[in-house]
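[1] predicted model and sequence below, questions to follow.
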Amino acid sequence: VPLAESGGGLVQAGGVLRLSCVASGRTFSSGTMGWFRQGTEKEREFVAAISWSGGSTYYADSVKGRFTISRDNAKNTVYLEINNLKPEDTAVYYCAVRVGTSNVTDISEYAYWGQGTQVTVSS
């Protein structure tokens, strides 16, 4: 399931970005999709996830209220909207397909990672 993220860029603090992740293959529509991010010299961390129907969403505590995950199965695309961007949001953002069933925030439950899209927030 090749995944391709896009939508990153250089933005000022307080700005808004919408990241996209396009997937190929029917696996996309049947699986939970997740977004993770990795800052410089930091471990990759869970950001958000969405169930196959879109009916369930999950967020890291650090992003609740500012990040919104959504998906359009007809377009094989999952989105991550980031509002009120902060310098600490600077990272490479990745999407992935969840293949595990125990803990939706556990990175080990995800596979088929994309190449990532860089988000840089200036203060």
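    Happy to help now that I have it.
[2] does K42 touch A91 like I think?
    Yes. Between K42 and A91 there is a contact under C-beta atoms under 8 Å: 7.5 Å. Every C-beta, even on glycine, is put in place using the N, C-alpha and C of the backbone.
[3] in stretch 109-120, what counts as buried?
    E109, Y110, Y112, W113, G114, G116, T117, V119 (16 or more other C-beta atoms under 10 Å).
[4] adding distance to G14 and secondary structure, write those residues out as JSON lines.
    Output for the buried residues of stretch 109-120, formatted as JSON lines (distance: C-beta to C-beta, whole Å; DSSP: H, G, I helix; E, B strand; the rest coil):
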{"residue": "E109", "distance to G14": "33", "secondary structure": "helix"}
{"residue": "Y110", "distance to G14": "30", "secondary structure": "strand"}
{"residue": "Y112", "distance to G14": "33", "secondary structure": "coil"}
{"residue": "W113", "distance to G14": "30", "secondary structure": "coil"}
{"residue": "G114", "distance to G14": "27", "secondary structure": "coil"}
{"residue": "G116", "distance to G14": "23", "secondary structure": "coil"}
{"residue": "T117", "distance to G14": "20", "secondary structure": "strand"}
{"residue": "V119", "distance to G14": "14", "secondary structure": "strand"}
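[5] against the centre of this protein, work out the most remote residue.
    Going by C-alpha atoms, centre = their mean, the residue of the chain most distant from its centre is S123, 22.5 Å out.
[6] for T32, give its distance to G114.
    15 Å (C-beta to C-beta, to the nearest Å).
[7] actually W52, not the one I wrote
    W52 sits 18 Å away from G114, going by C-beta to C-beta.
[8] just checking: what are the partner strands of the helix or strand hosting S20?
    Element membership for S20 (DSSP states H and E) is strand 17-23. Strand pairing for strand 17-23, using DSSP bridges, gives strand 3-6 (antiparallel), strand 77-82 (antiparallel).
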